[in-house]
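K.L.:
what shape does this take:
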Amino acid sequence: MHRIRHLLLALPFAHSVVQARPNRELSFLKEAQSCTEASTTTFSLKGAIYIRVETSPYAIDAFPNSTQLAFEVVNNANGVSTGCSLQNVEHNNVWPDLSNYWFKCLDRSYEVDGSEYPINTGANFLWDDSWKLRVNQTWNCDGQTTVRQVATATLTPTCTETSSPQQYIKNCDIPDDEVPAVNQ
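P.N.:
Here you go, the predicted structure:
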């Protein structure tokens, strides 16, 4: 239970921890023959954790049932890392259908030849047992060309479940993965 409390407390701070990393100079873009060549990439998914907490409506300290997924994304074309923290909360005994919803991840930027360019990241997760995760990222690779790519992964978690009359908890560790990103 101590680990779960630590996890729940750590999730709101995931964005600030990832944000503290410095921007990177992308010298390899100068060496690449084209923006498209430089943008061919994979996304590394790291440090993913998943937790589902359901509380009995009769519990003394009942709180909303929720499911959370947090992870780091590294764009291997530009080396920039960002954090994503997704949450699904039950309302009036119904879990919302978020199958088409894209969660906003931490926006980042990077520097090329003294100019700073934004990197926008979103994530979509199917909150069922399919464990499908999609990551969408948009960035400018040369000051003129906008690149939009999406990567799809099927996560392979190792989960533990604990339950009591008051609460059910599903806690999953998810191994790091590298997935190909395709142009949109």
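K.L.:
let's verify the residue nearest in space to the middle of the chain: helix, strand, or coil?
P.N.:
The residue lying closest to the centre of the chain (CA atoms, centre = their mean) is Cys84, at 3.3 Å. Here Cys84 is recorded as strand under DSSP: H, G, I helix; E, B strand; the rest coil.
K.L.:
dump the residue contacts of it.
P.N.:
By CB atoms under 8 Å, 6 or more residues apart in numbering, the contact set of Cys84 is Leu69, Ala70, Phe71, Glu72, Val73, Phe103, Cys105, Leu106, Thr121, Ala123, Val135. All C-beta spots, glycine's among them, are computed from the backbone N, C-alpha and C.
K.L.:
mind listing what's buried in the helix or strand hosting Tyr110?
P.N.:
For Tyr110, the element it lies in under DSSP states H and E is strand 108-112. Along strand 108-112, these residues count as buried under the neighbour rule (16 or more other CB atoms under 10 Å): Arg108, Tyr110, Val112.
K.L.:
so what's the first one scoring on pLDDT?
P.N.:
Read that as Arg108. Arg108 carries a pLDDT value of 93.
K.L.:
that one and Gly83 touch, don't they?
P.N.:
No - taking contacts as CB atoms under 8 Å, Arg108 lies outside contact range of Gly83: 9.3 Å.
K.L.:
could you identify the buried members of the contacts of Cys84?
P.N.:
Leu69, Ala70, Phe71, Glu72, Val73, Phe103, Cys105, Leu106, Thr121, Ala123, Val135.
K.L.:
return the subset of those residues lying in strands.
P.N.:
Using DSSP state E, the subset of the buried ones among the contacts of Cys84 located in strands is Leu69, Ala70, Phe71, Glu72, Val73, Phe103, Thr121, Ala123, Val135.
K.L.:
out of these, who's nearest Asp142?
P.N.:
Thr121 (19.3 Å; CB to CB).
K.L.:
quick one: the strands in the protein?
P.N.:
Using DSSP E, strands in the chain cover 42-55, 66-75, 81-89, 103-104, 108-112, 115-125, 132-140, 146-154, 158-163, 167-173, 177-183.
K.L.:
show me what the first one is packed against.
P.N.:
So the one you mean is strand 42-55. helix 2-10, strand 66-75, strand 132-140, strand 146-154, strand 167-173, strand 177-183 (3 or more CB pairs under 8 Å, 6 or more residues apart in numbering; DSSP states H and E).
K.L.:
quick revisit: could you dump the buried ones among the contacts of Cys84 to JSON lines with distance to Thr55?
P.N.:
Shown next, in JSON lines, are the buried ones among the contacts of Cys84 (distance: CB to CB, whole Å):
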{"residue": "Leu69", "distance to Thr55": "19"}
{"residue": "Ala70", "distance to Thr55": "20"}
{"residue": "Phe71", "distance to Thr55": "25"}
{"residue": "Glu72", "distance to Thr55": "29"}
{"residue": "Val73", "distance to Thr55": "31"}
{"residue": "Phe103", "distance to Thr55": "23"}
{"residue": "Cys105", "distance to Thr55": "28"}
{"residue": "Leu106", "distance to Thr55": "29"}
{"residue": "Thr121", "distance to Thr55": "31"}
{"residue": "Ala123", "distance to Thr55": "26"}
{"residue": "Val135", "distance to Thr55": "30"}
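K.L.:
great, nothing more from me.
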